[in-house]
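[1] Here is a sequence with its predicted model. Questions after.
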Amino acid sequence: MSNSPTQPIDLSVRHDTFPIRGTFTISRGSRTEIHVVVAELRQGPVVGRGECVPYARYGETVDGVTADISRMAAALAAGELNRENLQQALPAGAARNALDCAFWDLEAKRSGQSIAEMAGLASLAPVVTAYTISLDSPAAMGANAAENAYRPLLILKLAGPDDLDRVRAVRQNAPNATLVVDANEGWTVDDYLALAPALQALGVAMIEQPLPAAEDAALRGVDRLVPLCADESCHDSTTLGQLLGKYDYINIKLDKTGGLTEALKLKAQARAAGFKIMVGCMIRTSLAMAPGLVVAQGAELVDLDAPLLIAKDRETALRYDGSLVHPPSAALWG
């Protein structure tokens with residue numbers, strides 16, 4: 001069920017800030033807080049919410065995303081915008097994600113249907129999420145791994161120099177965990193060729209985005225000793241064809257796809273093309289993780305640990321039992 005284009009909707013947009021636990025570092029830099037944009041759609045007494053994170057890697061800013069969302073206010077008030085035509089009204093990205101997820105939330109609350117029913121699923125099941133080890137010295141990453149060695153899946157942020165020492169330190173301190181490494185475009189093809197055999201020997205299960213997206217053609221035809229996952233190279237369904245022959249997985253993130261609607265479309269097309277599915281996230285709150293849980297149903301690898309990395313979350317936060325994340329309450333989303 002979707003909103004009729006004849007029903008006016010009031011839009012409000014705001015910017016929220018949340019502190020990170022300590023410092024979170026990847027190859028492109030470090031952060032101590034996150035800045036999220038929240039879109040709220042009000043139709044009578046019912047309110048739907050969606051959250052996004054403007055991402056500088058894709059030229060997004062809080063002010064720019066807020067402005068892009070705000071420009072939809074007139075069409076919403078006139079009853080001319082719904083979730084279907086939103087897909088053409090805004091490009092894939094953070095602004096469309098916040099509005100798309102707000103539409104899903106609004107539709108669920110107005111119809112009385114669950115999000116699972118709307119997405120054609122019997123129900124939403126809890127999923128096991130990875131836990132992310134932020135980029136740091138080998139010793140610091142090893143210590144972090146020791147604290148989280150009970151978790152079944154760890155994702156290591158890498159950057160190039162000393163990466164093998166980082167992975168060795170983590171493996172030594174978390175001998176039973178499945179390891180995934182994420183270079184965040186920080187390697188060259190020579191780095192990959194040098195590191196892949198050693199990472200395979202250390203039992204690394206997957207390498208995420210080793211090369212810059214603009215340079216990943218070099219992966220075509222290279223022996224993939226460890227499966228590769230496209231992250232920055234994969235946005236929405238229009239980018240899927242470019243990934244064939246280079247990657248084994250795709251990482252679906254709603255801020256890249258521009259919302260849950262396109263994320264589900266991308267997932268279906270990727271499955272048909274033979275890709276395995278990873279569902280990931282930017283560092284955001286539980287409000288943003290909730291739609292990701294819909295896409296995560298049946299995915300081979302889930303990375304929806306962002307609420308575990310922030311010092312404060314939404315009042316109606318998702319429930320985590322160790323690395324098991326449960327579906328959202330209607331009070332949060334859906």
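    Structure's in. What do you need? Numbering: from 1, shown residues only.
[2] For L99, see how far away L76 is.
    As judged by C-beta to C-beta, to the nearest Å, L76 and L99 stand 9 Å apart. No exception for glycine: its C-beta is placed from N, CA and C like everyone else's.
[3] what's the distance between G64 and P54?
    7 Å.
[4] Show me which of these two is the more surrounded one.
    P54 (24 against 15; other C-beta atoms under 10 Å).
[5] residues touching the nearest residue to that one once chain neighbours are set aside, list them.
    Spatially, and ignoring its direct neighbours in sequence, P54 is nearest to E60 (3.8 Å; C-beta to C-beta, 6 or more residues apart in numbering). By C-beta atoms under 8 Å, 6 or more residues apart in numbering, the contact list for E60 reads 54, 93-94.
[6] R271: which of the residues you listed is nearest?
    G93 (23.5 Å; C-beta to C-beta).
[7] my guess is the closest one contacts G258, does it?
    Yes - counting by C-beta atoms under 8 Å, G258 is a contact partner of G93 at 5.5 Å.
[8] circling back: out of the contacts of E60, who's nearest V302?
    Checking the contacts of E60 one by one against V302 (C-beta to C-beta), the nearest turns out to be A94, at 20.8 Å.
[9] For the residue nearest to T25 when sequence neighbours are not counted, give its distance to V302.
    Using C-beta to C-beta, 6+ apart and skipping residues adjacent in sequence, the residue nearest T25 is L135, 4.2 Å away. Using C-beta to C-beta, L135 is found at 21 Å from V302.
[10] again with M118
    20 Å.
[11] A39 now?
    On the measure of C-beta to C-beta, A39 and V302 end up 25 Å apart.
[12] For these two, indicate the residue with more neighbours.
    The residue with more neighbours, out of A39 and V302, is A39; 28 against 24, by other C-beta under 10 Å.
[13] Could I get the phi/psi values of the more buried one?
    Per-residue torsions, A39: phi -100, psi 130 (degrees, to the nearest 10).
[14] need the contact list for it.
    11-13, 49-52, 69, 98-99, 102.
[15] Among those residues, which ones are in helices?
    69, 98-99, 102 (DSSP state H).
[16] In strands, which of the contacts of E60 appear?
    Among the contacts of E60, no residue falls in strands (DSSP state E).
[17] between the residues you listed, which is closest to P291?
    Closest approach between the contacts of E60 and P291, by C-beta to C-beta: A94, at 13.1 Å.
[18] anything in contact with each of G93 and G258?
    With C-beta under 8 Å, 6+ apart as the test, G93 and G258 reach no residue in common.
[19] Give me the contact list for the strand ranked longest in the chain.
    Secondary structure of the chain per DSSP E: the longest strand is strand 10-26. Contacts to strand 10-26, defined as C-beta under 8 Å, 6+ apart, come from residues 30-43, 62, 66, 69-70, 72-73, 76-77, 132, 134-136, 157, 159, 182, 184, 283, 285, 309-313.
[20] all strands in the stretch 151-300 of the chain, in order from the N-terminus.
    Taking DSSP state E, counting those that start in this stretch, the strands of the stretch 151-300 of the chain run over residues 153-157, 178-182, 204-208, 228-230, 249-252, 276-279.
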